[in-house]
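1. build the 3D model from these lines:
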Amino acid sequence: MIAVLRRASAAAKCVFAVSVSAYAFYCEDWRLLLGLILLLCGLLIASRTWDRIVWLALGVCLASMPTLLALFILGGVEKAHGWREGLRLGLAWLAVFELRLLVMLLADILVVKWTTFSDLLLSLRALRLPGQVVLFFSTLVTLLPSIFSLASHVVEVQRCRGFDPKKLRNPKNFLPLFVPVFLAQMRRSTELALSLELRGISGAPPARVAHLALGVGDGIFLVASVAVWFLGRGF
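-> Numbers count the residues shown, from 1 in each chain. The predicted structure is shown next:
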């Protein structure tokens with residue numbers, strides 16, 4: 001089953017990821033959001049694509065919790081009549097927000113782990129989308145996982161130089177991590193633009209477009225994209 005899903009077209013995987021992410025920000029039930037997270041984690045583990053990048057994404061969510069906790073509690077206290085009720089309301093908001101963020105990150109990572117950049121470009125161009133849309137969407141999908149991968153590499157390099165990753169709990173210590181990641185991402189963008197230009201891929205409409213062949217895996221992803229909206233009370 002996992003092999004069938006991995007062979008699905010990039011377009012079907014992107015539709016599934018967009019649908020799941022959109023539903024996550026529509027759903028208010030934390031149990032359904034937790035179920036989606038377990039499903040995505042199970043797919044990553046079963047396909048043996050759970051690696052350091054996924055752990056880093058989870059670490060980013062955990063590292064953002066203190067700041068978000070303060071913001072949501074302040075918002076809950078302002079919304080509620082008492083501080084106890086405001087505290088409970090703020091914690092509930094924070095839990096749902098973090099679960100939604102995890103669903104979006106895991107869905108994005110799943111698409112990137114199961115799809116090469118070339119397959120993503122070819123599948124989107126087969127849909128006869130404008131060239132600018134294809135380049136923008138394909139780059140956007142791979143942006144977060146590539147940043148996490150670069151950040152993981154930079155952390156290892158900085159650790160060899162004596163940097164303690166535990167210092168990242170303090171936001172003022174992000175500079176030794178942010179600057180190398182930013183510069184590396186700028187260099188990667190330049191190399192990606194040059195590579196696409198050398199391959200003849202630009203924003204112009206392609207002269208010849210391959211047809212998108214749908215298989216069993218595509219059908220499963222498309223059905224799941226619709227079925228996810230019927231979880232709980234659905235519409």
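
2. now stretch 49-66: buried residues?
-> Applying a neighbour-count criterion of 16 or more other CB atoms under 10 Å, one finds 49-50, 53-54, 56-57, 59-61 buried in stretch 49-66. All C-beta spots, glycine's among them, are computed from the backbone N, C-alpha and C.

3. pull that stretch out as CSV, backbone CA atoms only.
-> Output of stretch 49-66 as CSV, limited to C-alpha atoms (Å, rounded to 0.1, in the frame of the first residue of the first chain):
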residue,chain,number,x,y,z
THR,A,49,11.1,8.6,5.7
TRP,A,50,10.9,9.7,9.3
ASP,A,51,14.3,11.4,9.8
ARG,A,52,16.0,14.3,11.4
ILE,A,53,14.0,16.9,9.4
VAL,A,54,10.7,15.6,11.0
TRP,A,55,12.2,15.8,14.5
LEU,A,56,13.4,19.3,13.8
ALA,A,57,9.9,20.3,12.7
LEU,A,58,8.5,18.9,15.9
GLY,A,59,11.2,20.8,17.8
VAL,A,60,10.3,24.1,16.2
CYS,A,61,6.7,23.6,17.3
LEU,A,62,7.9,22.9,20.9
ALA,A,63,10.3,25.8,20.9
SER,A,64,7.5,28.2,19.9
MET,A,65,5.2,27.1,22.7
PRO,A,66,6.5,29.5,25.5
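
4. roughly how far out does it sit from the chain middle?
-> Distance, stretch centre to chain centre, for stretch 49-66: 11 Å (CA atoms, centre = their mean, to the nearest Å).

5. follow-up on the earlier one: of the buried residues of stretch 49-66, closest to Phe97?
-> Among the buried residues of stretch 49-66, Cys61 lies closest to Phe97 (CB to CB), at 9.9 Å.

6. what is whichever strand or helix holds that closest one packed up against?
-> Element membership of Cys61, judged by DSSP states H and E, is helix 52-63. Counting contacts by 3 or more CB pairs under 8 Å, 6 or more residues apart in numbering; DSSP states H and E, helix 52-63 packs against helix 83-114, helix 131-160.

7. next SSE downstream of the longest one?
-> Spelled out, that is helix 83-114. In N-to-C order, the element after helix 83-114 by DSSP H and E is helix 117-126.

8. run the angle between that next one and helix 83-114 for me.
-> Per axes from the mean of the first three to the mean of the last three CA atoms, to 10 degrees, the angle that helix 117-126 makes with helix 83-114 is 90 degrees.
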